[in-house]
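Undergrad: kindly generate the corresponding structure for this input.
(chains A and B)
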There are 2 protein chains.
Amino acid sequence: MHTDRKRLSVVGIGPGEESQLTGLAVQTLVESDLIVGYTVYVELIREIFPEKEFLSTPMMRETERCRAALAAADEGKRVALVCSGDAGVYGMASPVLALAKDYPEVSVSVIPGVTAALSGAALLGSPLTGDFAVISLSDRLTPMEHIEKRLRLAARGGFCICLYNPESRSRSGYLARAVRILMEELSGDTVCGAAKNIGREGEVCEVMTLEKLLTYEADMFTTVFIGNENTENIGGSMVTPRGYRDL
Amino acid sequence: MHTDRKRLSVVGIGPGEESQLTGLAVQTLVESDLIVGYTVYVELIREIFPEKEFLSTPMMRETERCRAALAAADEGKRVALVCSGDAGVYGMASPVLALAKDYPEVSVSVIPGVTAALSGAALLGSPLTGDFAVISLSDRLTPMEHIEKRLRLAARGGFCICLYNPESRSRSGYLARAVRILMEELSGDTVCGAAKNIGREGEVCEVMTLEKLLTYEADMFTTVFIGNENTENIGGSMVTPRGYRDL
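TA: Next comes the predicted model:
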């Protein structure tokens, strides 16, 4: 870790439990003066590092949060901006890197973490063994027609699919709409799975068919997995084989 | 960690350096009697846990390696089967879960890890911020026509793309062939990147255009990233914005 210049680290903290952080993420948080993040994730980290200075901002204030982190780093504080899962995947690394041009003395480093596609997959078995696509159903930053096109093309290509943000209070019915699109390309028997509250209280996962997924009650803490035509339910685990010549 | 029954853990160890393992992965290795894996990854882990018993098998002997790990667990040893990156993504969790039906007393758990899509992305900036697809160019287990179809559909869908196994000694020219397919769908100016030897000696990364990627010399330790039409080169970092209404 270089300490000779101003530095902001964008840190992926994994699904939530302390044991899922990498050693590098822990070390970066230990060495930081200020930890910045969305309220929910800051509370998770505060339990592990109660002695640190924290700054939390609500969900929608991402740009503000990034600027606050960059400004604090520019003032000489060692700053960690925490993101759930990975720092890049639907995370803060991108807006920080875009805004960093206004803070030329601050060097940004990105510390990767276990994103929900990986932590949820591990709970279910091995749904993302081969080629896969990750798609967010949130249309807050992406037009719905792009999302729907991606669902169709991913299913048509035989990708296994991992869905982030399947539902939220303001986006009810989005998962069912996505499943209906997928059923135009895939059999209703396609093996699917869902994981809720990964690495947190209330962690639960379930393997089901695509048809069953149509009426599954997802929320904003759910990650959904759609298999390809080779994915199997093996004794309650969702397992995609490595390839056609293998197991 | 349950110790009341026979257990095999499939452990993703991340890109290679000790600091990129999660706490749970470290704990699982500490608590294991026997560590099994492909020779190269076993050597990485042996440096961290020199006192452990190890069993390594060459690259192509995956089924044999899984059976050896399951058989040792069935004999009562606490066994960890290590995979580079994640345990699921192009990893051993799938064949282990498929073979585990022959060892009904052994319970299999999957410990996720930082896969190259995440560790490579962090080195380059934030190429996989939004929806993305992961595709392996190895045709050892997947027919080349499936791979080519997936490349086309992923590019057409506006996914950012991460390529695993772009080349090897026996698969020379595969990356150039993939890039030529992608250039039918994407501009030659599309921002791309490559990371080599992530987390190991000789770690290096480079941001370039798709056209430049055509002649880039990849090897089996390279991970390649292809941006979408919004991906930018910001001061040498590869950055995909979060969405159309955002930064």
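Undergrad: gap between A:G227 and A:V134?
TA: Counting by Cβ to Cβ, to the nearest Å, the gap between A:G227 and A:V134 amounts to 15 Å. (Glycine included, C-beta is placed from N, CA and C.)
Undergrad: my bad, A:G202
TA: 23 Å.
Undergrad: between those two, which one's more packed in?
TA: A:V134 (29 against 8; other Cβ atoms under 10 Å in any protein chain shown).
Undergrad: so what does that one have for phi and psi?
TA: When read as degrees, to the nearest 10, the backbone of A:V134 gives phi -110, psi 130.
Undergrad: leaving out chain neighbours, which residue sits closest to it?
TA: Leaving aside its chain neighbours, A:V134 sits nearest to A:C162 (4.9 Å; criterion: Cβ to Cβ, 6 or more residues apart in numbering or on different chains).
Undergrad: per-residue confidence for the one you found?
TA: On pLDDT, A:C162 comes in at 98.
Undergrad: do a quick rundown of the helices in chain A.
TA: A:23-30, A:39-48, A:62-74, A:93-99, A:116-124, A:144-156, A:174-183, A:210-213 (DSSP state H).
Undergrad: pick out the shakiest of these, pLDDT-wise.
TA: When the helices of chain A are compared on mean pLDDT, helix A:39-48 scores lowest, with a mean of 88.
Undergrad: okay, that helix in PDB with CA atoms only?
TA: The C-alpha trace of helix A:39-48 is given here as PDB (Å, rounded to 0.1, in the frame of the first residue of the first chain):
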ATOM      1  CA  THR A  39     -26.000   3.700   5.100                       C
ATOM      2  CA  VAL A  40     -26.700  -0.100   5.100                       C
ATOM      3  CA  TYR A  41     -23.100  -1.100   4.200                       C
ATOM      4  CA  VAL A  42     -21.500   1.400   6.500                       C
ATOM      5  CA  GLU A  43     -23.500  -0.200   9.400                       C
ATOM      6  CA  LEU A  44     -22.200  -3.700   8.500                       C
ATOM      7  CA  ILE A  45     -18.600  -2.400   8.500                       C
ATOM      8  CA  ARG A  46     -19.100  -0.300  11.700                       C
ATOM      9  CA  GLU A  47     -19.700  -3.500  13.600                       C
ATOM     10  CA  ILE A  48     -16.200  -4.800  12.500                       C
END
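Undergrad: right, and A:N230 touches A:T240 too?
TA: Yes - if you go by Cβ atoms under 8 Å, A:N230 and A:T240 touch, sitting 6.3 Å apart.
Undergrad: now find how far off-centre stretch A:67-87 is within its chain.
TA: 19 Å (Cα atoms, centre = their mean, to the nearest Å).
Undergrad: can you check stretch A:38-55 too?
TA: How far stretch A:38-55 lies from its chain's middle: 19 Å, per Cα atoms, centre = their mean.
Undergrad: buried set for it?
TA: A:Y38, A:Y41, A:V42, A:L44, A:I45, A:F49, A:K52, A:F54 (16 or more other Cβ atoms under 10 Å in any protein chain shown).
Undergrad: for stretch A:75-93, same thing?
TA: Those buried within stretch A:75-93 under the rule 16+ other Cβ under 10 Å are A:77-93.
Undergrad: one more: stretch A:19-38?
TA: So stretch A:19-38, judged by 16+ other Cβ under 10 Å, has buried residues A:20-26, A:28-29, A:32, A:34-38.
Undergrad: do it and chain B meet?
TA: Yes - if you take Cβ under 8 Å from any Cβ of the partner chain as the test, stretch A:19-38 does meet chain B, through A:S19, A:Q20, A:L21, A:T22, A:G23, A:L24, A:V26, A:Q27.
Undergrad: wait, doesn't the fifth one sit right on B:E18?
TA: Yes - under the criterion of Cβ under 8 Å, A:G23 lies in contact with B:E18, with a separation of 6.6 Å.
Undergrad: run a quick neighbour tally on A:R156.
TA: 16.
Undergrad: verify the stated contact: it with B:R156.
TA: No - counting by Cβ under 8 Å, A:R156 does not reach B:R156; the two are 10.0 Å apart.
Undergrad: what does the model give the closest residue to A:E53 other than its chain neighbours for pLDDT?
TA: In space, A:E53 comes closest to A:L34 once its chain neighbours are excluded; the distance is 4.8 Å by Cβ to Cβ, 6+ apart. Listed pLDDT for A:L34 reads 97.
Undergrad: got a list of what A:L34 touches?
TA: A:K52, A:E53, A:F54, A:L55, A:A69, A:A72, A:K77, A:R78, A:V79, A:A80 (Cβ atoms under 8 Å, 6 or more residues apart in numbering or on different chains).
Undergrad: one more: A:R7?
TA: A:A73, A:R78, A:V79, A:V106, A:S107, A:V108, A:S109.
Undergrad: and if you look at A:E18?
TA: Counting by Cβ under 8 Å, 6+ apart, A:E18 has contacts A:I48, B:G23.
Undergrad: count of neighbours near the nearest residue to A:Y174 once chain neighbours are set aside?
TA: Nearest residue to A:Y174 in three dimensions, chain neighbours excluded: A:L137, at 4.7 Å (Cβ to Cβ, 6+ apart). A:L137 has 22 neighbouring residues, counting by other Cβ under 10 Å.
Undergrad: distance of A:L137 relative to A:I161?
TA: 11 Å.
Undergrad: now A:R65
TA: Using Cβ to Cβ, one gets 30 Å for the distance from A:R65 to A:I161.
Undergrad: what do you get for A:L29?
TA: With Cβ to Cβ as the criterion, A:L29 and A:I161 are 32 Å apart.
Undergrad: likewise A:L153?
TA: 10 Å.
Undergrad: more neighbours: those two, which one.
TA: A:I161 (27 against 22).
Undergrad: name the nearest residue to the more buried one, sequence neighbours excluded.
TA: A:I226 (4.2 Å).
Undergrad: do A:C160 as well
TA: Using Cβ to Cβ, 6+ apart, the closest residue to A:C160 is A:F132 (4.3 Å).
Undergrad: same thing with A:A100?
TA: A:V108 (5.1 Å).
Undergrad: so that neighbour bridges to which residues?
TA: Note on A:V108: beta-bridge partners by DSSP bridges are A:L8.
Undergrad: quick one: contacts for it?
TA: A:R7, A:L8, A:S9, A:V10, A:A93, A:V96, A:L97, A:A100, B:S237.
Undergrad: what does A:S32 give?
TA: Contacts of A:S32 (Cβ under 8 Å, 6+ apart): A:S9, A:K52, A:R78, A:V79, A:A80.
Undergrad: which pair of those residues spans the longest distance?
TA: Distance extremes for the contacts of A:S32: the farthest pair is A:S9 and A:K52 at 13.4 Å, using Cβ to Cβ.
Undergrad: tell me the most packed of the contacts of A:V108, by neighbour count.
TA: Counting neighbours by other Cβ under 10 Å, A:A93 leads the contacts of A:V108 with 34 neighbours.
Undergrad: I figured that one hits B:S126, correct?
TA: Yes - assessed by Cβ under 8 Å, A:A93 is found in contact with B:S126 at 3.8 Å.
Undergrad: quick one: common contacting residues for these two?
TA: A:A87, A:V110.
Undergrad: now do stretch A:37-54: distance from first to last residue.
TA: Chord length of stretch A:37-54, first to last residue, is 8 Å (Cα to Cα, to the nearest Å).
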